[in-house]
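Student: Below are the sequence and a predicted model for it; my questions follow.
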Amino acid sequence: VRVAAALRDYTLGLHHHHHAEDELIWPLLRARAAHDEALVERMTEQHEAIDRTLAAVTEWLPLWERSGDRIPGEELALALDAHRVALLDHLDEEERSVLPLIAEHLTVPEWELVGQRGLEGLPKNKRLLALGAILEEATPEESAFFLGKAPLLGRLLWQAVGRRQYAAYCRTMRAPLDGE
């Protein structure tokens, strides 16, 4: 149950992130960095490949969840491995090649809109978890930056309940699977 819930949360977040990139970043880079059209096209193709691997995961997940049988479990594991490979290849190239293009060709407000759009697509009950995931690996300076972008109510909610909610979520998701 816990693994399935984590996969559903992950899939939702990744879908919204990639949709924001597809809608907001790639068209701007096509217009402003025409010499890198092949790279932008490759990023789009990689998103499509990642979507296909996630489709396989979401196909096998309920079968494994309902039955707990070996075959759906093995197929789910294979689908997850294919997804991991596709995602890591994409992230490596995105970090290495696309982020410098973004820094050169997009304005700060255009870049910030990507994050806003991604969060807007998440259900409200998942937004504090998304903020926790962002802040978990952030430096103190990055945390201050991200929290500074949140509205006052969001910052207050993070302090009052979000931190504890995210910590409890992490404890649950990272606990040993014995007994499930």
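Tutor: Alright, I've got the coordinates. Residues are numbered from 1 along each chain as shown.

Student: What is the longest helix of this structure by residue count?
Tutor: helix 37-67 (DSSP state H).

Student: List the contacts of the helix or strand following that helix.
Tutor: Sequence-wise, the next helix or strand downstream of helix 37-67 (DSSP states H and E) is helix 70-93. Residues from elsewhere that reach helix 70-93 (C-beta atoms under 8 Å, 6 or more residues apart in numbering): 14, 39, 42-43, 46-47, 49-50, 53-54, 56-57, 59-61, 63-64. Bear in mind the C-beta positions are built from the backbone N, C-alpha and C, glycine included.

Student: Figure out the helix or strand that Tyr10 lives in.
Tutor: Tyr10 belongs to helix 2-20, assigned by DSSP H and E.

Student: and that helix, how far from the chain's centre?
Tutor: In terms of C-alpha atoms, centre = their mean, to the nearest Å, the centre of helix 2-20 is found 6 Å from the chain centre.

Student: what packs against that helix?
Tutor: Judged by 3 or more C-beta pairs under 8 Å, 6 or more residues apart in numbering; DSSP states H and E, the packing partners of helix 2-20 are helix 37-67, helix 108-120, helix 124-136, helix 163-174.

Student: angle of it against helix 163-174?
Tutor: Per axes from the mean of the first three to the mean of the last three C-alpha atoms, to 10 degrees, the angle that helix 2-20 makes with helix 163-174 is 120 degrees.

Student: Can I get helix 2-20 as CSV, trimmed to CA atoms?
Tutor: The C-alpha trace of helix 2-20 is given here as CSV (Å, rounded to 0.1, in the frame of the first residue of the first chain):
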residue,chain,number,x,y,z
ARG,A,2,2.8,2.4,1.0
VAL,A,3,4.8,1.7,-2.2
ALA,A,4,1.8,2.2,-4.4
ALA,A,5,0.9,5.5,-2.7
ALA,A,6,4.5,6.7,-3.1
LEU,A,7,4.5,5.8,-6.8
ARG,A,8,1.2,7.6,-7.3
ASP,A,9,2.6,10.7,-5.6
TYR,A,10,5.8,10.5,-7.6
THR,A,11,3.9,10.0,-10.9
LEU,A,12,1.6,12.9,-10.3
GLY,A,13,4.5,15.3,-9.4
LEU,A,14,6.6,14.2,-12.4
HIS,A,15,3.7,14.6,-14.8
HIS,A,16,3.0,18.1,-13.7
HIS,A,17,6.7,19.1,-13.8
HIS,A,18,7.2,17.7,-17.3
HIS,A,19,3.9,19.3,-18.5
ALA,A,20,5.1,22.7,-17.3
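
Student: Perfect, that will be all.
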